[in-house]
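Colleague: Give me coordinates for this.
(chains A and B)
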Amino acid sequence: MTIPAAAILAWGLLLGALAVVLWLWTPDRLPPSLISGAAFAALLLAAYLQLRKPREPPVRMVTDISVGPVLLGLGVAAMLNGIAFGLWLVLAGAGLSGLGAIVLAGELLAVRRART
Amino acid sequence: MTTTAIPRADRGPLAWVASTDHKSIALRLWAVATIFLVAAGALILLVRTELLQPGIQIVSQDRFNQLFTMHGSTMIFLVATPAALALGVYFVPLQIGAADVAAPRLALFGLWLITSGGVTMFMGFATDHGAGKAGWTGYYPLSGAQKTPGAGQDLWTIGVILAVGGAALIAGCILVTILKLRAPGMTMLRIPVFSWTMLVTCLLAVTSFPVLVVAMALLLIDRKLGGGIYDTSAGPVIYQYLFWFYGHPIVYVIFFPFAGVIAEVVAVFSGKRFFGYHAFVFALLAFTALSGTVFAHHMFATGQSTNQFFALTTSLLIIPAGIEYFDLMGTMWRAKIRFTVPMGFALAFVLQFLVGGLSGVFLSAPVLDYHVHDSYFVVGHFHYIAFGSILFGLFAAIHYWFPKVTGTYLRERLGWIQLLLFVAGTNLTFFPMLILGYRGMPRRVADYAPEFQTLNDVATAGAFVMGIGVVFFLVNLALSLLRPLPAPDDPWQGHTLEWYTSSPPLRHNFTSLPPIRSYAPLLDLRHGTEAEE
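Modeller: Numbers count the residues shown, from 1 in each chain, chains lettered A, B, ... in the order given. Next up is the predicted model:
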């Protein structure tokens, strides 16, 4: 077993053991469910780390400046703010997010073209 | 270890907004955290000024509620968490020999979510009913539309969703960086201590932060659509469970990275390999698992939680915490310690955090917790923990890594003055709170019984002393940037890879790496690989 997987597995198992103790201890369902969920997430991550095939990491190509995530971030924030300020801001935020997604998609396509 | 002339990323205005360089993202996160730190400091000085005398003097009860709510929320969501994550975004790739952080665009997206979240929360002050005022915990039904109407509380809820969501994304990026982008030779048990603390921090963040996002989304649905999700007999307790599943781990999310910084600082300025590395790593994993299972100790007084279990897990925390303390002491044992400003902050961290930890023993036992629940004792304990770890750790980190980030030193004398003011201010402010709480003064009140005035005055004086300390830091920062004292690439004789590259580091961090044979590769380079510990 790889050490990264073992480390996460150890953490997940300890969390899982504590969840089992709490399941036995309490009639409540929510607190042990929350801990079990965290343990399950850790076990999934450990399984992924163990089972993924080792391969040479691809050459990473990321632009130095990327406007897409900024527009997306501001767009999502505007949409959520629209819940307090009204539909107009939700629509403006959606437009900004859409623009951000298009810019990001263009960047990713350019990276793919450069690779091939 | 000289600087190689390789062009750095573009530094124009667009780069400031949209650069994907992990160092630039981290610096912007720090900038955001610093701005909100100043704002949160201003808010709490108003609160403490109001508390100089019993009765209502300078702000109304309603405004007082907004001030302490926004102070707590700002410190947790917009200062401590971003500052801790920024340390990871900047230094984890450098420490593990990576060229960049994983998924830098996602980290950039997270940065803008956090920034927008902060602005959203503060916009509440401009609304008719004022900003959020249900405490940083936003307990239901107090945070519901009936008890706290108005857009300010809506904006607070939205701001929390944005800031916590953004932080979770950044934590995910750091986690993947550590798991997947380590340099050849950098095995898991050679990862520097700070990066280990970031790993467990991010594990906690990615498993607990989404729960709060969901809890807040449900609260928003309740407020805006009358969903009735929490409006049942069990609803308020369900909200508390969901909140504290985030709310307790966040204490560790903002503690572990700074504990990691302190471990690095103590090892470097003791001139020794970090003592008990493997024990520290295993203690961290145990600490992390336990800290995810203690969350309902905040709910002892509700009578709805399984108190014995949560008291047990809380008490067990003392074991990994003790191991970590022991490792720190072991590192300093018989060492030729260099008393620099970062080391001063590190020692202060150790002492202040000890007071916080010992006062926490009261709160881990339900019978004692009942006595001091919802009192100033809790505020004092929490601030010894949070202030003792976050700010002392943060300033240790700033003074330690400033030469790496900027290529210049911070002024030593101003740093010592700031440290002394912080130590004095911390104890003047928070120790009286422990006494006040023990004697029965409730938290979150604008008015109080006259017999509590003297201790409140001392606490207020302490808060202003800390405020002066922050001014000294800002002056130090400005002076050091405007009239720089150039620093070499490795001014402290560091142990880890970030000191191998130029100051500030190149766009992709390294042109070459030394052999990595332990968690202190530069120490190995200087002295040869030694048997660990």
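Colleague: Please name the nearest non-neighbouring residue to residue A:36.
Modeller: Nearest residue to residue A:36, sequence neighbours excluded (Cβ to Cβ, 6 or more residues apart in numbering or on different chains): residue A:19, at 4.4 Å. Bear in mind the C-beta positions are built from the backbone N, C-alpha and C, glycine included.
Colleague: List phi and psi for the one you found.
Modeller: Dihedral angles of residue A:19 (phi, psi; degrees, to the nearest 10) stand at phi -60, psi -40.
Colleague: Could you look up the SS state of the closest residue to residue B:237 other than its chain neighbours?
Modeller: In space, and not counting its chain neighbours, residue B:237 is closest to residue B:304: 4.7 Å by Cβ to Cβ, 6+ apart. Following DSSP: H, G, I helix; E, B strand; the rest coil, residue B:304 is assigned to coil.
Colleague: For residue B:304, the count of nearby residues, please.
Modeller: Look at residue B:304: counted by other Cβ atoms under 10 Å in any protein chain shown, it has 17 neighbours.
Colleague: Equivalent analysis for residue B:300, please.
Modeller: Residue B:300 has 22 nearby residues by other Cβ under 10 Å.
Colleague: Contact partners for it?
Modeller: B:307, B:310-311, B:366, B:369-370, B:373 (Cβ atoms under 8 Å, 6 or more residues apart in numbering or on different chains).
Colleague: neighbour-wise, which of those leads?
Modeller: Among the contacts of residue B:300, the one with the most neighbours (other Cβ under 10 Å) is residue B:310, at 26 neighbours.
Colleague: Could you list the low-pLDDT ranges of chain A?
Modeller: Counting by pLDDT under 70, chain A contains low-confidence residues at A:54-59.
Colleague: What residue spans form the domains of it?
Modeller: A:3-51, A:67-115 (automatic domain parsing).
Colleague: I'd guessed residue A:80 sits against residue B:160; true?
Modeller: No - using Cβ atoms under 8 Å as the test, residue A:80 is too far from residue B:160 to be in contact (10.7 Å).
Colleague: Buried residues, the helix ranked longest in chain A. List them.
Modeller: Identified as the longest helix of chain A according to DSSP state H is helix A:87-115. Neighbour counts using 16 or more other Cβ atoms under 10 Å in any protein chain shown place A:89-90, A:92-93, A:96-97, A:99-100, A:103-104, A:107 of helix A:87-115 among the buried residues.
Colleague: Closest to chain B out of these?
Modeller: Checking the buried residues of helix A:87-115 against chain B by Cβ to the nearest Cβ gives residue A:104 as the nearest, at 7.2 Å.
Colleague: so what's that closest one closest to, chain neighbours aside?
Modeller: Here the residue nearest residue A:104, using Cβ to Cβ, 6+ apart, is residue A:68, at 3.1 Å.
Colleague: What spatial separation is found between the residue nearest to residue B:306 when sequence neighbours are not counted and residue B:103?
Modeller: In space, not counting the residues next to it along the chain, residue B:306 is nearest to residue A:26; the distance is 4.0 Å by Cβ to Cβ, 6+ apart. Distance of residue A:26 to residue B:103, computed by Cβ to Cβ, to the nearest Å: 38 Å.
Colleague: With neighbour numbers in mind, choose between those two.
Modeller: Each of residue A:26 and residue B:103 has its neighbours counted (other Cβ under 10 Å); residue B:103 has more, 21 against 18.
Colleague: where along chain A do the helices fall?
Modeller: A:3-25, A:30-51, A:67-85, A:87-115.
Colleague: Now residue B:432: closest residue in space, sequence neighbours ignored.
Modeller: residue B:455 (4.0 Å).
Colleague: Count the residues that sit near residue 40.
Modeller: Chain wasn't specified; assuming chain A. Residues lying near residue A:40 (other Cβ under 10 Å) number 15.
Colleague: that's the other chain; I wanted chain B
Modeller: 21.
Colleague: same thing with residue B:234?
Modeller: Neighbours of residue B:234 using other Cβ under 10 Å come to 12.
Colleague: next one: residue B:233
Modeller: Residues within reach of residue B:233, counting by other Cβ under 10 Å, total 6.
Colleague: Look up phi and psi at it.
Modeller: phi -60, psi -30.
Colleague: so how far is chain A from it?
Modeller: 14 Å (Cβ to the nearest Cβ, to the nearest Å).
Colleague: cool, and residue B:118?
Modeller: Counting by Cβ to the nearest Cβ - residue B:118 and chain A are separated by 10 Å.
Colleague: can you check residue B:343 too?
Modeller: 30 Å.
Colleague: List the residues that contact that residue.
Modeller: If you count contacts by Cβ under 8 Å, 6+ apart, residue B:343 has them with B:265-266, B:269, B:337, B:396.
Colleague: For the stretch 251-400 of chain B, which segments are assigned as helices?
Modeller: Per DSSP state H, counting those that start in this stretch, the stretch 251-400 of chain B carries helices over the ranges B:256-270, B:277-291, B:307-316, B:318-332, B:341-364, B:366-372, B:376-386, B:392-406.
Colleague: now those helices as a markdown table including distance to residue B:71 and mean pLDDT?
Modeller: Output for those, formatted as a markdown table (distance: least, Cβ to Cβ, whole Å; pLDDT from 0 to 100):
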| stretch | distance to residue B:71 | mean pLDDT |
| --- | --- | --- |
| helix B:256-270 | 20 | 96 |
| helix B:277-291 | 24 | 91 |
| helix B:307-316 | 26 | 90 |
| helix B:318-332 | 27 | 93 |
| helix B:341-364 | 19 | 91 |
| helix B:366-372 | 21 | 90 |
| helix B:376-386 | 11 | 92 |
| helix B:392-406 | 17 | 95 |
